[in-house]
Every structure is written in C-alpha cells, then in structure tokens.
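Participant: Would you be able to build a 3D model of this:
(4 chains)
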Protein chains: 2
Amino acid sequence: MNPFYNISDEYKLELLKVLEAQTYEFNKNEEILKKIKNRNFIGIILDGMIQIIKTDYNGNRTIIEELIENDIFGTKISSLSNNEYTITTKDKTKIIIIDYEQLIKINNTNIYYNQFIKNLLEIIINSVNDKNDRIEILTKKTIRNKLLEYFKIISTKNNSKNIYLPFTFTDLADYLAIDRSAMTRELKTLKEEGFIEIKNKRITLLY
Amino acid sequence: MNPFYNISDEYKLELLKVLEAQTYEFNKNEEILKKIKNRNFIGIILDGMIQIIKTDYNGNRTIIEELIENDIFGTKISSLSNNEYTITTKDKTKIIIIDYEQLIKINNTNIYYNQFIKNLLEIIINSVNDKNDRIEILTKKTIRNKLLEYFKIISTKNNSKNIYLPFTFTDLADYLAIDRSAMTRELKTLKEEGFIEIKNKRITLLY
DNA sequence: ATTATATTGTTGCAATTGCAACAAATTTAG
DNA sequence: CTAAATTTGTTGCAATTGCAACAATATAAT
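Facilitator: Model prediction:
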C-alpha cells in the first residue's frame, strides 16, 4: 500500500509540510542511517531499495528486512534503536523522513492527516504479518522444515508452485538463520527426493 | 499504551458505537477464536490474558504471542488468517472486537476517532518491536546465544540484571524455539560457568 | 574482453541439538 | 489435604548442523 493512498498531490504536499518531513536521495550501496539525526523517525521509501542488516560481534550478517518503494521503516518500527544495525541502499533510493513525535503530536482533524495515519496503520499491520511469517519459519527446528515453511508461505502468497527467490541463496540462508552450505546440502536432498526443482532462482514445488 | 488513551469515557462509548464494537467475556482456558466471526478484526484485551498458539502437524506447540490488558490482536495483525492457530485465555478475559473494514472505512474527522487510530498505530508499532526482538533471538544459531540474547533484551528493557520469567521454562523453550531439555542443559552450563544464577523464575545475570 | 568480486556447490568432521524416557519437584484441582 | 496434572531436571544417543576450506560458476567492474 502507498502511504499516500487516497491523498491528492496537493494535500500530500501540505501534509509533508505540516509534518516537517525531509526528503533525501542516496546512491546505491550507501549507508544511510548515520545521515539521519538521532531521533525517533518513520522513513518512507519513495523509490529504490534498502536492506536493514544486523552484524553481530561474530560478524554474522542477518538481513532483518529488505524494503522497497512504499515500505516504511524507522527507529520505532525496525529495531533501529540500537547501533548494531545498518541501513544500506541497494539502489539509487529516495526516502522521506518524518519525526515520530511530530507525527503523533499533531492534533489535526483534516481528512488527509487522518487518512495518512490510517495508511500507516495498514502498512505496519502488513509488516507485522511479514514478521509473523518469518517467526513462523524461524521457529521450525530443522533446515528442511524452515525451507518447506518458507516455500509454503511464498507459494501461498503468490498462489503458485513456482517461487522466484527475491534475493541470493546466500541471503536466503541469512533470512532463515541457517548455515549456507548446510542449506545447499538440504536443497540437494530435497531435489533428489523429488520434492523440488531448482533452476537458477526459480524453485518449483513438486508436491 | 491504552488504546483509549486520551479519549474520555463519553467519547469512548460513542467511538465503540460508531465502530460497532462487540464486547466479549471468557473464562480461563477457553479457546476463543472459534467464537469470533470469520472476518478481519482487531481485538483489544480489556482485562485478562490470552496466548496465541500454533500447533504444527508434528504437534510442536509454539507460543506466537502472549497478550495482556491493552494489547491488541487480530486476523490482520497476528497471522490468524489460517486455522492452525488457537487463541486461548489464560485468565478470565474481557475483549473488544472491532471489524477491521469498519475501522478503516469510517471517514470521521472527530478528534477521538483520530486519537484512537493514533493509539492503535503506537500499539502496533510496539508489537513490531517485540517481534523484532524475537526475530533477533531466533536468528541466533546456538541455544546459548539465544538465551543470552533473550536475557540481554529483557535486562536492557527493565534496566536490571534480574530477570523474572513471565512464563514457565517450558514456555520459554517454546518461545526460543528450542528443545526444553537441551535448554535446561545449557542453563546448567551457564550456571556452572558462573554467568547466571537461577532461583525459581528469577535469573540473575552475573556479567 | 579480461579481471576482480561474489555466489554457489561440495565434503569431512566435530560440536550441538533434538529426542526419548525417566525421576523429582512443584502446582493445580477437587 | 490429597490426588492428579504439570513442570523441571537428567542423561545417553543418534541425527542434524555449523564450520572450514576449497573448487566451480556466475556476476560485476574496468
């Protein structure tokens, strides 16, 4: 959903002004968090792609989430409160930053403000759903079950037996929080047992 | 946060009427999902406690979340869309059910409606934070690191080295998605190595 | 086009973990 | 207060997994 759904361009400008929103543009592979001032904020991606990545003391990278156009992120909604996280652009990316307190404190009964909050609500609810899906996967105890759950979720969502990986297998292993080589091993087994077919980034479920 | 924060009792009643909200009361250990009609809804817990539990085909129980007074849940926000989930009361519990479409479709510029949506936004953002925390834990690869991450999060949140488990060790194992006996084994090791002390449900961090 | 970089595939091995099957302790219900 | 139910502690063992170390591909950069 577009955060400005049901808001005319005219009102959108007015809204952004009232919210004192800031627009930023970044190139590919820039680390953007550092450039945003140190307050609670909500960011909206107008265009491009970012990854929220955590690197722990062992150097293990985890993709917390990958966000594109119309997705939102921020200190209040992406565990960005602590500094183990980095936000990196994966493309030329344009974002809007809104101060969270500013957003909440406004007592504006204008219909467009109201609509905007509703839109944010809907977007965040969707992100909660994504997180629930991920938790669902992560609570599976074996690599096989994690993979199958992941396949099931994507397949159900797209109503198709074909799954096009939105990222690399390396990233998938990160997302599932499993060792990449062990994952490859299991994928091979699943292929040999006739459960799946893999062609590049397309995985076909045969069951 | 209370979903009716900053809304007078008078307006609250009016709001609930406009939203066609339904109030329900359940006893302890009732399964409540079945009793709610089959539409997208947002539930608000006025009093008591519920657990959202998933049981997979192997019979593995996972506590998706445990919710108390002022927490919200629903098909749009708790992956309750499919029927592998059960919501069970852990106490005498009183809830309000609001139809999601009804909530969103209203074009009401009344200040109390606006405030209510903002409150929901804030509550859901908090629940996103909780989920991020859990994901953070679940992405750790060893039992030890899951435990330590869990301790760290709780300890940081409460700014205390003492952690009072809000549930049983059995439930903790479910929450961390690890085998309970293996968890007990690791807790023992952590004790022996002098990292923690355990007394009933209180865990003290010694580092 | 060629080089550099990143991703994927593979495998042996050690370490971790889940599982099963109990006993002991604690909590709940009647 | 007593019995029943649930939770906690323990341990051996087999299975799964992470890790390390490479080779082979594929992708990106100059």
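Participant: domain assignment for chain A?
Facilitator: A:9-129, A:140-205 (automatic domain parsing).
Participant: what's the most buried one of those domains?
Facilitator: domain A:9-129 (a mean of 17; mean count of other Cβ atoms under 10 Å in any protein chain shown). Backbone N, C-alpha and C define where each C-beta goes, glycine included.
Participant: Give me every residue in chain A lying close to DNA strand D.
Facilitator: Neighbours of DNA strand D within chain A, by Cβ under 7 Å from any atom of the strand: A:58, A:141-144, A:177-179, A:181-183, A:185-186, A:200.
Participant: Try it again at 10 Å.
Facilitator: Taking Cβ under 10 Å from any atom of the strand as the criterion, chain A approaches DNA strand D at residues A:28-29, A:58-60, A:140-147, A:168, A:173, A:176-186, A:189, A:200-201.
Participant: Whether the helix ranked longest in chain A contacts DNA strand C - can you check?
Facilitator: For chain A, the longest helix by residue count, based on DSSP state H, is helix A:111-138. No. Contact of helix A:111-138 with DNA strand C (Cβ under 10 Å from any atom of the strand) is absent, the minimum separation being 11.3 Å.
Participant: quick check: angle from that helix to helix B:111-138?
Facilitator: Relative orientation of helix A:111-138 versus helix B:111-138 (axes from the mean of the first three to the mean of the last three Cα atoms, to 10 degrees): 20 degrees.
Participant: Which strands or helices does helix A:111-138 pack on?
Facilitator: Applying 3 or more Cβ pairs under 8 Å, 6 or more residues apart in numbering or on different chains; DSSP states H and E, we find helix A:111-138 packed against helix A:9-18, strand A:72-74, helix A:143-158, helix A:169-176, helix B:100-105, helix B:111-138.
Participant: Now do the last one, average pLDDT.
Facilitator: Predicted confidence along helix B:111-138 averages 90 (mean pLDDT).
Participant: Next, the angle helix B:9-18 makes with that helix.
Facilitator: Between the axes of helix B:111-138 and helix B:9-18, defined by the same axes, to 10 degrees, the angle is 80 degrees.
Participant: Report the distance from helix B:111-138 to the chain centre.
Facilitator: Distance of helix B:111-138 from the chain centroid (Cα atoms, centre = their mean, to the nearest Å) equals 11 Å.
Participant: next one: the third one
Facilitator: If you compare the mean C-alpha spot of helix A:143-158 with that of the full chain, they lie 17 Å apart, counting by Cα atoms, centre = their mean.
Participant: which SS class is A:K54?
Facilitator: strand (DSSP: H, G, I helix; E, B strand; the rest coil).
Participant: That one against A:T88, yeah?
Facilitator: No. The pair A:K54 / A:T88 is not scored as a contact, 11.5 Å apart, by Cβ atoms under 8 Å.
Participant: which residues sit in contact with the closest residue to A:Y207 other than its chain neighbours?
Facilitator: Spatial nearest neighbour of A:Y207, excluding adjacent residues (Cβ to Cβ, 6 or more residues apart in numbering or on different chains): A:F195 at 5.8 Å. Counting by Cβ atoms under 8 Å, 6 or more residues apart in numbering or on different chains, A:F195 touches A:L205, A:L206, A:Y207.
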